[in-house]
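[1] Build me a structure from this.
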Amino acid sequence: MAGLWNHSLQWVLACFSFCIISISAELQRFEHPIKANGSLSLLVIGDWGRRGHYNQSLVADQMGWIGEKLNIDLVVSTGDNFYENGLTSIHDPSFKKSFAKIYTAKSLQKRWYSGNHDYRGNVEAQLNPILRKIDRRWLCLRSFVLSSGIVDFFFVDTTPFVDKYFLRPGHHTYDWRGVLPRKEYLAKLLKDLDLALTASTANWKIVIGHHPIQSIGHHGDTAELIVRLLPILEVHDIDMYINGHDHCLEHISSTRRHIQFLTSGGGSKAWNGDIDQLNQDGLKFYYDGQGFMSAELTQTEARIVFYDIFGKVLHNLDLSKELYSTM
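    Numbering: from 1, shown residues only. Next comes the predicted model:
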């Protein structure tokens, strides 16, 4: 009987250990090399996939020019990659017509790291690794960490946080495979993010989501992210939160911490004149047209630049910080 009890106890402890490991599992991590001089440069684009329409092709052309000028290492997409409802399957022609055949410049033939995968469509299509065989640049996951030594990017799947998609979906149909039960999914995501931020030794920490935490644009602040995500970002003293969703270019500086809220959602269709005139605390820049953003980083310096569809510089942000030893 004692032997049976000991065996059962060992089994329970083994299962308990497995559960702890599963719950505490880190976000999938990818490595991207920096340049030989220790720098990293990239472009950020969001809300873009419209088969070249609504000035998407013009934005893509300027991205090509700026990408060559900066000798970029990678491209970040803040989501809403294929309008109106994502991809129907891995064979959906929109993948080529809205991505592969639009961003054709030589400088843009780098890895594209993408968040938000259009839950209104076949949610698993954009996540399918087969797309990487169709176009080697494409990498899209729900949430993950991209490490480049001097900077860690934390991609966060923000769509499941938003209550209205579940409670008031309207005429849209959402594909929640991989997300339900929602409460457990979000709890694990937040825990994994907290663990990843805690483990990060990079001098720059940048979080990327689709939905804004702070914005004066059409959608405005995302209340659920302010309540659930922002406290974790503040505890870990991140440097930037970058998003799309609002079809504009925007820079808001936190009035509580040094976090910079940056919106790059001008990849195609924009909402001219759609702005909240009353909620402008910390606002440094807002542009209600199409465009994109660049970022150049070294261990101690960061330069952010916003461009319009003609490549004109609209706004820039320069940040600097000390290099903290991890020894």
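[2] In terms of helix, strand or coil, where does Leu193 fall?
    helix (DSSP: H, G, I helix; E, B strand; the rest coil).
[3] which residues does it contact?
    27, 143, 154, 156, 232 (Cβ atoms under 8 Å, 6 or more residues apart in numbering). Where C-beta positions appear, they are placed from N, C-alpha and C, glycine not excepted.
[4] Now the closest residue in space to Asp281 that isn't next to it in sequence: phi and psi?
    Distances taken as Cβ to Cβ, 6 or more residues apart in numbering place Thr255 nearest to Asp281, at 5.6 Å, with adjacent residues excluded. Dihedral pair for Thr255: phi -90, psi 0, per degrees, to the nearest 10.
[5] count of neighbours near Thr255?
    9 (other Cβ atoms under 10 Å).
[6] Tell me which residues are up against stretch 292-300.
    38-45, 59, 62-63, 66, 70, 72, 150-151, 203-204, 242, 249, 262, 264, 266-267, 302-307, 320-323.
[7] Just the buried residues of the residues you listed.
    Among these, those classed as buried by 16 or more other Cβ atoms under 10 Å are 39-45, 59, 62-63, 66, 70, 72, 150-151, 203-204, 242, 249, 262, 264, 266-267, 302-307.
[8] Can you read off the pLDDT for His117?
    Here, the pLDDT recorded for His117 equals 82.
[9] so Leu146 sits in a strand?
    Yes. Counting by three-state DSSP, Leu146 is found in a strand.
[10] Quick check, it in contact with Leu27.
    No. Counting by Cβ atoms under 8 Å, Leu146 stays clear of Leu27, with 10.0 Å between them.
[11] My reading is that Asp318 lies in a strand. Confirm?
    Yes. Counting by three-state DSSP, Asp318 falls inside a strand.
[12] And it, how close does it get to Phe144?
    Distance, Asp318 to Phe144, using Cβ to Cβ, to the nearest Å: 28 Å.
[13] swap in Phe310?
    Distance from Phe310 to Phe144, by Cβ to Cβ: 34 Å.
[14] just Val207 next, same as before
    From Val207 to Phe144 the distance is 12 Å (Cβ to Cβ).
[15] Kindly report the same for Gly291.
    26 Å.
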